[in-house]
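J.: Sequence plus predicted model, see below.
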Amino acid sequence: MSGLSSPGCTNWNTQKCRRVLRPLSSKLQALKSLVEAHPSLLTQAHSAPGQKSSSFNSKKYYSSSSSSSFSSSLRDSTAPKLTASNEHSSRFRSDTLFLALHDKISPEIFALYRSIYHAFRHFLTQAYLPARSLAQKSAVEVGKCIVYTMDSFSEDEWYDCLVQLRLYKRFIAIGHGASLVAQEAVLCRELLPALVAACAEFEAYDIVSVVVFLLL
């Protein structure tokens, strides 16, 4: 397969992929377990009084986070800087979009959304690189397959099945992580705008279509 692995990818073995993905995977599973045990919590989040059910109504996210006690914990000094055009539109920052949920969903869901938001940003920080070569893009697709064939194949089978992709496991992990979120997109519907904005802040535009795949 043509295309050389990018710098920083050669030390990505299956174990490292698991370590990077574990926080995001465990938080998503915790949300799934909570909603299965208490489905009314999610119903409340999706049907707040006096609001439309669509979580992509930008008006509901027009909120200033400057006075919020949560703001300091969400500011990530290591995150890429926003583009100049976005710096003047703080309402579309990922942390602003997330903080706007505080009074709109139950405390239980908000707490798990917060952990997922942080885990997703950690995943982007640790793993994301743009897939440019055919080999890198193919590896991302393999990562997607891991999530949608969990009932038939183990993660290790996918990570280790193709010798040709042994130097591209970082990109497999990218597709894997994004698809974990996509698989639970309905449960994370209120959180998706913040996750999409986080992708934009990391210039991970190719991940956006994966994350919202099931809602398109």
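T.: In hand now; what should we look at?

J.: Tell me where the model's unsure across this structure.
T.: 1-10, 44-91, 162-164, 214-216 (pLDDT under 70).

J.: any idea which helix is longest in it?
T.: Longest helix of the chain, by residue count under DSSP state H: helix 14-37.

J.: distance between that one and the chain's centre?
T.: 11 Å (C-alpha atoms, centre = their mean, to the nearest Å).

J.: check contacts around the residue nearest the centre of the chain.
T.: For the chain, F120 is the residue whose C-alpha lies nearest the centre (C-alpha atoms, centre = their mean; 4.3 Å). When contacts are counted by C-beta atoms under 8 Å, 6 or more residues apart in numbering, F120 touches L24, G177, V181, L195, A198. Every residue, glycine included, has its C-beta placed from N, CA and C.

J.: Turn those residues into JSON lines, including secondary structure and distance to L167.
T.: JSON lines is the format used below for these (DSSP: H, G, I helix; E, B strand; the rest coil; distance: C-beta to C-beta, whole Å):
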{"residue": "L24", "secondary structure": "helix", "distance to L167": "23"}
{"residue": "G177", "secondary structure": "helix", "distance to L167": "19"}
{"residue": "V181", "secondary structure": "helix", "distance to L167": "25"}
{"residue": "L195", "secondary structure": "helix", "distance to L167": "28"}
{"residue": "A198", "secondary structure": "helix", "distance to L167": "27"}
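
J.: Reformat these as a markdown table; add distance to S33 and neighbour count.
T.: Converted to a markdown table, the contacts of F120 look like this (distance: C-beta to C-beta, whole Å; neighbours: other C-beta atoms under 10 Å):
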| residue | distance to S33 | neighbour count |
| --- | --- | --- |
| L24 | 15 | 24 |
| G177 | 19 | 28 |
| V181 | 16 | 27 |
| L195 | 20 | 25 |
| A198 | 24 | 25 |
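
J.: Throw the residues you listed into JSON lines and include distance to S40, thanks.
T.: Shown next, in JSON lines, are the contacts of F120 (distance: C-beta to C-beta, whole Å):
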{"residue": "L24", "distance to S40": "25"}
{"residue": "G177", "distance to S40": "29"}
{"residue": "V181", "distance to S40": "23"}
{"residue": "L195", "distance to S40": "24"}
{"residue": "A198", "distance to S40": "28"}
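
J.: Of those, just say which sits nearest to E157.
T.: E157 lies nearest to G177 out of the contacts of F120, by C-beta to C-beta, at 17.9 Å.

J.: State the distance from the nearest residue to that closest one once chain neighbours are set aside to D103.
T.: Excluding its sequence neighbours, the residue lying closest to G177 (C-beta to C-beta, 6 or more residues apart in numbering) is F123, at 4.8 Å. Applying C-beta to C-beta, to the nearest Å, the value for F123 to D103 is 27 Å.

J.: Tell me where the chain has helices.
T.: Taking DSSP H as the criterion, the chain carries its helices at 14-37, 39-46, 71-74, 84-87, 94-99, 107-127, 134-148, 155-161, 169-183, 192-201, 205-211.

J.: Deepest in the core, which of the ones you listed is it.
T.: Most buried of these by mean neighbour count (mean count of other C-beta atoms under 10 Å) is helix 169-183; its value is a mean of 26.

J.: Which other helices and strands does it contact?
T.: Secondary-structure packing of helix 169-183 (3 or more C-beta pairs under 8 Å, 6 or more residues apart in numbering; DSSP states H and E): helix 14-37, helix 107-127, helix 134-148, helix 155-161, helix 205-211.

J.: Great, nothing more from me.
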